[in-house]
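Fold the following for me, if possible:
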Amino acid sequence: MTIRQIESAILELQPNEFRQVVEWLLDLDYQRWDEQLEADVENGKLDALAQEAIYDFENGFCKQI
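Next up, the predicted model:
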């Protein structure tokens with residue numbers, strides 16, 4: 001199936017079917033985002049940001065919200 005065929009099929013869905021597809025896509029997107037975040041953490045891609053946040057906290061550059 002091509003993207004155009006998928007788009008066309010989506011436009012033909014009943015409102016309740018469309019809502020189900022939207023919810024499924026959102027769930028899938030959240031799942032993939034979580035997987036990417038976990039991989040980035042494991043690979044140290046967020047270490048610099050974590051160190052910066054710890055430095056800011058320890059040096060009083062943070063304020064309670």
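
name the element residue 61 belongs to?
Using DSSP states H and E, no element contains residue 61; it sits outside every helix and strand.

likewise residue 33?
Take DSSP H and E as the rule and residue 33 turns out to sit in helix 15-42.

Mind checking which residue lies nearest the centre of this protein?
When C-alpha atoms, centre = their mean is applied to the chain, the residue found nearest the centroid is residue 33 (3.5 Å).

So which bits of stretch 55-65 are buried?
Counting neighbours by 16 or more other C-beta atoms under 10 Å, one finds that stretch 55-65 has no buried residues. Yep, even glycine has a C-beta here, placed from its N, CA and C like the rest.

what's the straight distance from one end of that stretch to the other?
18 Å (C-alpha to C-alpha, to the nearest Å).

what do you get for stretch 35-52?
Using C-alpha to C-alpha, the two ends of stretch 35-52 sit 23 Å apart.

what is the mean pLDDT for it?
When pLDDT is averaged over stretch 35-52, the result is 97.

just how off-centre is it within its chain?
Between the mean C-alpha location of stretch 35-52 and the chain-wide mean there is a distance of 14 Å, by C-alpha atoms, centre = their mean, to the nearest Å.
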